[in-house]
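Q: turn this into a structure:
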Amino acid sequence: MQLEDDQLAAYRRDGYLCFPNMLSTAEIALLQEELPRLLAQDGPQVRRDESDKPRIVYAPHLTSEPYRTLSRLRRLLEPVEQILGEAAYVYQSRVNLKLPFLGDAWSWHQDFSAWHRGDGLPLPRAVMTAVFLEDCTPANGPLLVVPGSQRDGLDEILAREKPVEGYKAERIPVEVLQECAEQSGIRDLSAPAGTVAFIHPTLLHSSGPNLTPWSRPIFYLLYNAVSNLPQWSKRAWFMNNPDTSALAAVDDDALLRAAPAVA
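A: Predicted structure coming up:
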């Protein structure tokens, strides 16, 4: 899939693109069926809540064949390479489950700040790709974004965030958020399962709590340009992928070819 010139211009202006139904119902069913196996893993890549329920599963693209194939699908990888202007690899992947009723709210933040501090990622030459595994609705804590908030200079962007750990803490001062939001508003990325959003890593975003009886999982693929490698590796393999070789795209039917019973 190749982005049109107006789509590339919209990404550079707004900091994101959203494509409903980029993945078919059958493809989403396959990924949903794989989730219980991922959640059953017993390792540090599965983060759990106080009651031992999985909240986040890191590195599905390394531990699951369907998710590995998804990360290489031409319709995902080609737009990323277009945006970056070069080849890419998966720097990190994770499924955020957003558990029913108690699914975490994530305060306003910009992902690149954590990557820059934690792994020495030099520049925001990366794309956060969000694959909606279930419908995202106003009730279950959809992504909220501030369009255009990625366009400021890098020094200003990095200075926005307080040096705190985690995403529950308030990382963006209220006055900074208010100024950005008054310039271009806040958009709600409610959309059906199968939607794929391409998001700039310095775009301000957040999500509220999940108020429904159902999980709201999103699979995040964090693609990084091969020229923009981390300068150090203090974090575990599942948060800072040591394999930085460029990805080779696979045909768009590869996910279902590997599972004909689902198709």
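
Q: can you name the next helix or strand after the one helix or strand in the chain whose mean pLDDT sits lowest?
A: For the chain, using mean pLDDT, DSSP states H and E, the weakest element among its helices and strands is helix 154-160, scoring a mean of 81. Per DSSP states H and E, the first helix or strand lying C-terminal to helix 154-160 is helix 174-184.

Q: okay, how far is it across stretch 54-63, tip to tip?
A: Taking C-alpha to C-alpha, to the nearest Å, the first and last residues of stretch 54-63 lie 16 Å apart.

Q: list the contacts of that stretch.
A: 38-39, 41, 45-49, 67-68, 70-71, 90, 92-97, 99, 104, 219, 221, 237-239, 241 (C-beta atoms under 8 Å, 6 or more residues apart in numbering). C-betas here are computed from N, CA, C, even on glycine.

Q: how about the least confident helix or strand of the chain as PDB, C-alpha atoms only?
A: Backbone C-alpha positions of helix 154-160 (Å, rounded to 0.1, in the frame of the first residue of the first chain) are rendered in PDB as follows:
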ATOM      1  CA  LEU A 154      12.700  18.700  19.200                       C
ATOM      2  CA  ASP A 155      14.200  20.600  22.200                       C
ATOM      3  CA  GLU A 156      10.800  22.100  22.900                       C
ATOM      4  CA  ILE A 157       9.100  18.800  22.600                       C
ATOM      5  CA  LEU A 158      11.500  17.000  25.000                       C
ATOM      6  CA  ALA A 159      11.200  19.900  27.500                       C
ATOM      7  CA  ARG A 160       7.400  19.400  27.700                       C
END
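
Q: so which of the contacts of stretch 54-63 are in strands?
A: Val46, Arg47, Arg48, Val90, Gln92, Ser93, Arg94, Val95, Asn96, Phe219, Leu221 (DSSP state E).

Q: run through the residues that contact the second one.
A: If a contact means C-beta under 8 Å, 6+ apart, then Arg47 has Pro54, Arg55, Ile56, Val57, Tyr58 as its contacts.

Q: from Ile56, how far off is it?
A: Computed as C-beta to C-beta, to the nearest Å, the Arg47 to Ile56 distance reads 4 Å.

Q: over to the fourth one?
A: Distance check for Val90 against Ile56: by C-beta to C-beta, it reads 16 Å.

Q: more neighbours, the two?
A: The neighbour comparison of Val90 against Ile56 (other C-beta atoms under 10 Å) goes to Val90, with 21 against 17.

Q: tell me the contacts of the more buried one?
A: His61, Ser71, Leu221, Leu222, Tyr223, Asn224, Asn241, Leu247.

Q: mind checking pLDDT for the spatially closest residue to the second one that is not a sequence neighbour?
A: Spelled out, that is Ser71. With sequence-adjacent residues excluded and distances taken as C-beta to C-beta, 6 or more residues apart in numbering, Ser71 is closest to His61, at 4.3 Å. In the predicted model, His61 carries a pLDDT score of 97.
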